[in-house]
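S.K.: Structure, please.
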Amino acid sequence: MMYIENIFICIAVPMLLSLLFIPGEARKYTFFVTTGMGMCMLSAYVNSFFMNYYGADAVQAAIEITPVCEEVMKLFPLLFYILIFEPKKEEIPRTAIALAVGFATFENICYLTENGAADFEILVVRGFASGALHILCGILMGFGITYIFRRRTLAITGMVGLLGACSVFHAIYNLLVSAEGNWRAFGYLFPTVMILGLFAGRKSIIKLKEEKNSFT
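M.R.: A predicted model of the protein is given here:
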């Protein structure tokens, strides 16, 4: 039996103690990474509850239950931070990504604890596929919320849309990796390719804006 609470305590306590001596943005990042780990632990309980409630098997839960539960759990602390502390818009994506990093890291640690670290191929998949998926959803949620919160009329519908989009991406990934052959390979590559595409697109947009400003 794996006691995820014990794993969380072993990882979170040193990180939380370090906050006493870490200044500025590094403190925020460390805190939200730890918070993301806590949300991952809580989402395990929520997933288990709904799996038992609906009598779903592992594959059915991974496609229909887990994506929604995990994305909602990651969204809660981000919304709390935005509504209570009213951060600057450039801080929102960093916070969403930090939460996603913590979530993905704790999920991978629990997987290693349960299954061991002998199979290097599986570990690479966990990092570049499952881990990258949470980062992808964090990027989409962070930058998406930054956009819609500048337009208050889109706040509620935009939030629902972002949550739905992240849940769909998550479900598509789980569906692909539960298949066989080329579909599974495509699923493993899907999150990392999407992140690289978003990074390249963002860099291109920034470059175009800089060139436009240089001519004005």
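S.K.: could you point out which element follows the helix or strand encompassing Phe49?
M.R.: For Phe49, the host element (DSSP states H and E) is helix 24-54. Toward the C-terminus, helix 24-54 is succeeded by helix 58-64 as the next helix or strand (DSSP H and E).
S.K.: hey, C-alpha coordinates of the next helix or strand after that next one in PDB?
M.R.: Where DSSP H and E defines the elements, the next helix or strand beyond helix 58-64 is helix 66-85. The C-alpha coordinates for helix 66-85 follow below in PDB (Å, rounded to 0.1, in the frame of the first residue of the first chain):
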ATOM      1  CA  THR A  66      -9.700  12.000 -13.800                       C
ATOM      2  CA  PRO A  67      -9.300  14.800 -16.400                       C
ATOM      3  CA  VAL A  68     -12.100  16.900 -15.000                       C
ATOM      4  CA  CYS A  69     -11.200  16.300 -11.300                       C
ATOM      5  CA  GLU A  70      -7.500  17.100 -11.700                       C
ATOM      6  CA  GLU A  71      -8.000  20.200 -13.800                       C
ATOM      7  CA  VAL A  72     -10.600  21.500 -11.300                       C
ATOM      8  CA  MET A  73      -8.300  20.800  -8.400                       C
ATOM      9  CA  LYS A  74      -5.500  22.700 -10.100                       C
ATOM     10  CA  LEU A  75      -7.800  25.600 -10.800                       C
ATOM     11  CA  PHE A  76      -9.000  26.200  -7.200                       C
ATOM     12  CA  PRO A  77      -5.700  27.600  -5.700                       C
ATOM     13  CA  LEU A  78      -5.100  29.700  -8.900                       C
ATOM     14  CA  LEU A  79      -8.600  31.300  -8.600                       C
ATOM     15  CA  PHE A  80      -8.100  31.900  -4.800                       C
ATOM     16  CA  TYR A  81      -4.800  33.600  -5.500                       C
ATOM     17  CA  ILE A  82      -6.300  35.800  -8.200                       C
ATOM     18  CA  LEU A  83      -9.500  36.800  -6.400                       C
ATOM     19  CA  ILE A  84      -7.900  37.400  -2.900                       C
ATOM     20  CA  PHE A  85      -4.500  38.900  -3.800                       C
END
